Every structure is written in C-alpha cells, then in structure tokens.
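S.K.: what would the 3D arrangement of this be:
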Amino acid sequence: MDTFDLLKRTAFVLGSIAAGIFVLNYFVFGNTGDYLPSNKRMGEWRKAEVREACFPATEFPLKDAMGPKLPQGDHRIDPRDFYRVAEMTAALNCYLVTKADAVCEPHNRAYIIDYIGRYFDKKDQMLRVAAKYGEAEKRNIEQLWDSPRNRAISNALARDFKSARLIKSDFGWTFPSTLTPLLARTDDVAPSPCAANGSTAARRDPSKT
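M.R.: Take a look at the predicted model:
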C-alpha cells in the first residue's frame, strides 16, 4: 500500500467517525443547537436562561384557551403529537412573545433559534404524514397549527426579522424554509429593536433576498 492510499483510507476512517459523531449528537441526542453558526451574535444554547424562565408556561399547555385545539370531526392526529404541538407552541410563545426581549441576549438567541427549528420541523413532519391521507387531513394539521398563540408566534418572528433581532444567517444551514414567507412580510410589521444596551445592533441580513 503506497502513502497516497494510506492517506485516503485514513481520511475515510476519520470522516466516518466524524459523521457517526454528528448523527449521534444531532439525531439521537438531539443536540441540534451545537450546529448553529458560531459568532458574536450566537451564545451557548445550554446557558440560555429563557428556557427555565418559561417553564411555568409549559406546565399545563392543554389548558390554554388560546393554544392549539384538535379540529372537529374525523382526523388522524395522534394524541402524543397534539400534546407536543401544544407544548411547543406554549414554549415558543413564551420565548418570543411573553419574553419578547429574550432574543436580544446571545445565549437565549441560540436556544430560541434552535427551538424555532424544532417547532417548524415538527409541523413539517406532521404535514408529511397528513399528506398520505389527502388534502382534508393536511387542512386538519394546518388548523391545529393556526391557534391564536401560533399566529402570535408568526407575528413575533416577522417583527424580529424586520428589526434584525433575528437574521436569516443566524440559522445557518438549518433555516426553516417555512419561514421564507415571513421575510417578505417584514415591511408590514412594526419593528421592535433590542434595548440600547442590548447585545445586538439592528442590521439587515445580507443573505436575505
């Protein structure tokens, strides 16, 4: 075996190990926040204080009159999925609406951005399953994700993109395609910049088109 072949095999082994670590960390352990961009806008998601601050909002999500509700009539929504939607909606509503300035702090921003990705991944996953059963079931899922709390989340996201409290590049390669229409809505939403002593200077995301 010549030196070049040895180097190729070594690179393949090291690449396989790196890929295996990524799969375990990202998909098995769920540490998706580890793969967000690393820069001065982004802190350490594990150090976010907003998660603990919003624990009370997620204790009884099904009791929230403004949260997601199951559609009337026949549907195929699993009770576990319904509970997860209610829980995620309550949490993200707290992060973005109740604690509206939390996203200005870098550790919180990293955690919130990661949670936004989880939120939209869950919706997309449920829509993919619903598509197997036809348009009526897809409408059921859309209705489930269209509670007053979900709409408040969408409005808060549009506000935060307008003021550059969030920018597209914060998400890196994890930017949810579902958010693309919100970027086009930013001119219709009043900006809400971070406080003067906050960590983020409002600026446009150069990657936004």
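S.K.: tell me the SS of the residue nearest the centre of the chain?
M.R.: In the chain, the residue lying closest to the centroid (Cα atoms, centre = their mean) is residue 116, at 1.3 Å. Classification of residue 116 by DSSP: H, G, I helix; E, B strand; the rest coil places it in helix.
S.K.: my guess is it meets residue 88, correct?
M.R.: No - in this structure, residue 116 is not within contact of residue 88 by Cβ atoms under 8 Å, at 10.1 Å. C-beta coordinates here come from the backbone N, C-alpha and C atoms, glycine included.
S.K.: the residue nearest to residue 66 when sequence neighbours are not counted: how many residues sit nearby?
M.R.: Taking Cβ to Cβ, 6 or more residues apart in numbering, and ignoring the residues beside it in sequence, residue 66 has residue 148 as its nearest neighbour in space, at 4.2 Å. If you count neighbours by other Cβ atoms under 10 Å, residue 148 ends up with 14.
S.K.: and if you look at residue 36?
M.R.: Residue 36 has 22 neighbours, counted by other Cβ under 10 Å.
S.K.: for it, give its distance to residue 111.
M.R.: From residue 36 across to residue 111, the span is 10 Å (Cβ to Cβ, to the nearest Å).
S.K.: show me what counts as buried in stretch 42-59.
M.R.: 42-43, 45, 48, 50-51, 54, 57-58 (16 or more other Cβ atoms under 10 Å).
S.K.: so residue 136 is in which element?
M.R.: helix 135-144 (DSSP states H and E).
S.K.: moving C-terminal of that helix, what's the next helix or strand?
M.R.: Next helix or strand after helix 135-144 toward the C-terminus (DSSP H and E): helix 148-162.
S.K.: off-centre distance for the helix holding residue 136?
M.R.: A distance of 21 Å separates the centroid of the chain from that of helix 135-144, by Cα atoms, centre = their mean, to the nearest Å.
S.K.: okay, how far is it across stretch 156-168, tip to tip?
M.R.: Here the two ends of stretch 156-168 are set 15 Å apart, with distance taken as Cα to Cα, to the nearest Å.
S.K.: pLDDT averaged over that stretch - what is it?
M.R.: Stretch 156-168 carries an average pLDDT of 91.
S.K.: list the helices and strands the helix or strand hosting residue 119 packs on?
M.R.: Element membership of residue 119, judged by DSSP H and E, is helix 106-131. In this structure, helix 106-131 makes packing contacts with helix 50-53, helix 79-93, helix 135-144, judged by 3 or more Cβ pairs under 8 Å, 6 or more residues apart in numbering; DSSP states H and E.
S.K.: mind listing what's buried along stretch 57-74?
M.R.: Buried positions in stretch 57-74, judged by neighbour count with 16+ other Cβ under 10 Å: 57-58, 61, 64, 67-68, 71.
S.K.: can you pick out the most distant pair from those?
M.R.: 57 and 71 (23.7 Å; Cβ to Cβ).
S.K.: and for the nearest residue to residue 171 once chain neighbours are set aside, the neighbour number?
M.R.: Excluding its sequence neighbours, the residue lying closest to residue 171 (Cβ to Cβ, 6+ apart) is residue 113, at 5.9 Å. Other residues lying near residue 113 total 23 when counted by other Cβ under 10 Å.
S.K.: distance of residue 113 from residue 169?
M.R.: According to Cβ to Cβ, residue 113 and residue 169 sit 11 Å apart.
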